[in-house]
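S.K.: A structural model of the following input is requested.
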Amino acid sequence: MTDPTDQEHSQNLPRAGLLRRLAALLYDAFLVGSIWMLIGFVLQLIVGPDTNQLVDGRVETNPLLDNILFLLMVASSAGFYIGFWTRSGQTLGMIAWRIKLETTGGELISPGQGLIRYLAAWPAFFLLGLGYLWLVIDKNGDAVHDKVSQTIVILLPRDHRPL
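M.R.: I've put the predicted structure just below:
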């Protein structure tokens, strides 16, 4: 539940810039990468080491296991981001860089908005970062996935305490 005075206050805060967003993304990438390594380790414990083989100096794995691992990686990263965004509006990287995700009305986002944002952020990043670079020319300072999901990323004041 958001206090109405917090909503009014958050509407007056500036939007987070590109470098701050990318720095938070880098922090979160280390966390998500760790989750992925744990998932890979657990999957390897379940199926055993016999599913890999060395052929002509290259490691070949079972295509079914590759697809299962990929789906687990996508699901876990979606759960990471959407879980943090819907509970507090901030991932751990966003807390470190004092930025917060919220709706254009100043509230926490819904799981549906989180999913739309998550799915739209991938092409925004992997198409040469054009979706992120859009915030440099946008009059409000929003990235493409902000617009699509009807969310904003604000810069919190220095005296803000997240915990």
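
S.K.: going forward, measure contacts between C-alpha atoms and count neighbours the same way
M.R.: OK.

S.K.: what's the pLDDT at the residue of the chain most remote from its centre?
M.R.: Taking Cα atoms, centre = their mean, the residue of the chain most remote from its mean C-alpha position is Asp56, at 37.6 Å. Asp56 is assigned 89 on the pLDDT scale.

S.K.: got the contact list for stretch 42-62?
M.R.: Leu69 (Cα atoms under 8 Å, 6 or more residues apart in numbering).

S.K.: and what about the nearest residue to Arg87 once chain neighbours are set aside, helix, strand or coil?
M.R.: Closest residue to Arg87 apart from its sequence neighbours, by Cα to Cα, 6 or more residues apart in numbering: Leu108 at 7.3 Å. Assigned state for Leu108: coil (three-state reduction, DSSP: H, G, I helix; E, B strand; the rest coil).

S.K.: which ones are touching Leu108?
M.R.: Trp85, Thr86, Arg87, Ser88, Gly89, Leu101, Glu102.

S.K.: just put those residues in a markdown table and tack on pLDDT.
M.R.: Shown next, in a markdown table, are the contacts of Leu108 (pLDDT from 0 to 100):
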| residue | pLDDT |
| --- | --- |
| Trp85 | 97 |
| Thr86 | 97 |
| Arg87 | 97 |
| Ser88 | 95 |
| Gly89 | 95 |
| Leu101 | 96 |
| Glu102 | 96 |
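
S.K.: just among those, which is most surrounded?
M.R.: Counting neighbours by other Cα atoms under 10 Å, Leu101 comes out on top of the contacts of Leu108 with 26 neighbours.

S.K.: in which helix or strand does that one reside?
M.R.: Using DSSP states H and E, Leu101 maps to strand 99-103.

S.K.: elements contacting that strand?
M.R.: strand 151-155 (3 or more Cα pairs under 8 Å, 6 or more residues apart in numbering; DSSP states H and E).

S.K.: ok, and what's touching the strand it packs on?
M.R.: So strand 151-155 is contacted by 10, 13-16, 98-104, 109, 113, 142, 146 (Cα under 8 Å, 6+ apart).

S.K.: so which of the residues you listed comes closest to Leu25?
M.R.: Sorting the contacts of strand 151-155 by distance to Leu25 puts Ile99 at the head of the list, at 11.2 Å, by Cα to Cα.

S.K.: any idea how far that closest one lies from Ala78?
M.R.: In this view, Ile99 and Ala78 are 19 Å apart by Cα to Cα, to the nearest Å.

S.K.: those two: which is more packed in?
M.R.: Neighbours per residue (other Cα under 10 Å) separate Ile99 from Ala78, with Ile99 holding more: 23 against 17.
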